[in-house]
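1. Structure for the following, please:
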Amino acid sequence: MALARLLALVLLVPACTDPAPARVVTPDLATKPTRPPGYTVDEAAKWGKFHSKRFNLTVPLPDGKVWRIDDHREPELVAFHEPTQTGLRVRATIEEGLMNRQRCEDRARALGIVPTETKTFTTVEDSVWVGPEAYDSRVWVAIEAAKPGAAVMGHVYLFGSFIRNCLIVHLSTSVPTDQDHEVLATRLAVAEERIVKAITLDPPRTTTDAELPKEKPAIHR
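-> Predicted coordinates for the structure are as follows:
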């Protein structure tokens, strides 16, 4: 995704909301707003990787040591990055029948990973992508409308299918106000290319002495 195109689309979102009322600020009391942080992109050493033995995949994470990760208590792998208010949910399922990306998206909606109501979402990017590996995936990037001056949320979804398997990924990140649209646009671009699309799958077990996953995959219904 081209960052310039994403930024141009994000700039349209505030224009769709009601204008904020004018505020008079006393010069002596005026303070320079703090720019919210972005993801680390220049220092590769600060990127970490989390390997999920439960789902047999690896997720790259910027500022890796800062993330709070839970891969046991919930049905999905759940991670949260406090400085950027970024949440990540990943789930891999084995279904009973043949799947495609639309069926996997329907599965994600049934599981509640995608909100039932998405009318307030503005689509920024919607594309078909082959990955990870041979998965047939839909990648959907959207901005959630907000009132002027309120926090703005961005989303990156991936719905992937391979034979009877579904891979469902949802990354959300927010900035304090619509004035921080450039930061949000940059985060979404990085999140799509370097986090969501950079997820890798463990190689299949091909020999009798290969290491087996500790947790046996189950058919999720």
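
2. where does this structure have low pLDDT?
-> Low-confidence segments of the chain (pLDDT under 70): 1-33, 43-45, 205-221.

3. tell me the contacts of the residue nearest the centre of it?
-> For the chain, the residue nearest the mean C-alpha position is residue 171 (1.8 Å; CA atoms, centre = their mean). Residue 171 is in contact with 86, 87, 88, 89, 155, 156, 157, 191, 195, 196, counting by CB atoms under 8 Å, 6 or more residues apart in numbering. Any C-beta I mention is one placed from the backbone N, CA and C, and that applies to glycine too.

4. residue ranges of the strands in this protein, please?
-> Using DSSP state E, the strands found in the chain span residues 48-52, 57-61, 68-70, 77-81, 86-94, 121-130, 136-144, 152-162, 165-175, 200-201.

5. Mind giving me the packing neighbours of the fourth one?
-> When you say that, I think you mean strand 77-81. Applying 3 or more CB pairs under 8 Å, 6 or more residues apart in numbering; DSSP states H and E, one finds that strand 77-81 contacts strand 48-52, strand 57-61, strand 68-70, strand 86-94.

6. Nearest to residue 118 among these would be which one?
-> strand 86-94 (16.0 Å; CB to CB).

7. what residues does that closest one touch?
-> By CB under 8 Å, 6+ apart, the surrounding residues in contact with strand 86-94 are 52, 55-57, 59, 61, 75-81, 107-108, 111, 113, 164-173, 187, 191, 195, 199, 217-220.

8. number of nearby residues for residue 92?
-> Other residues within reach of residue 92 by the criterion other CB atoms under 10 Å amount to 22.

9. do residue 126 as well
-> Residues lying near residue 126 (other CB under 10 Å) number 11.

10. what's the closest non-adjacent residue to it?
-> Spatial nearest neighbour of residue 126, chain neighbours left out: residue 140 (5.3 Å); criterion: CB to CB, 6 or more residues apart in numbering.

11. need the contact list for that neighbour.
-> Residue 140 touches 123, 125, 126, 155, 156, 157, 158, 159, counting by CB under 8 Å, 6+ apart.

12. Surely residue 131 and residue 200 touch.
-> No - counting by CB atoms under 8 Å, residue 131 does not reach residue 200; the two are 9.6 Å apart.

13. neighbour-wise, which of these two wins?
-> In this view residue 131 and residue 200 are compared by other CB under 10 Å, and residue 131 has more residues nearby, 18 against 14.

14. And residue 117, how far from residue 154?
-> Distance from residue 117 to residue 154, counting by CB to CB, to the nearest Å: 17 Å.

15. of those two, who's got more company?
-> Ranked by neighbour count (other CB under 10 Å), residue 117 and residue 154 place residue 154 first, with 27 against 6.

16. is it true that the more buried one touches residue 178?
-> No - applying CB under 8 Å, one finds residue 154 not in contact with residue 178, separated by 11.5 Å.

17. Could you check how many residues crowd around the residue nearest to residue 180 when sequence neighbours are not counted?
-> Of all residues not flanking residue 180 in the chain, residue 36 sits nearest, at 5.4 Å (CB to CB, 6+ apart). For residue 36, the count of nearby residues is 18 (other CB under 10 Å).

18. which residues does residue 36 contact?
-> Taking CB under 8 Å, 6+ apart, we find residue 36 in contact with 84, 175, 176, 180, 183.
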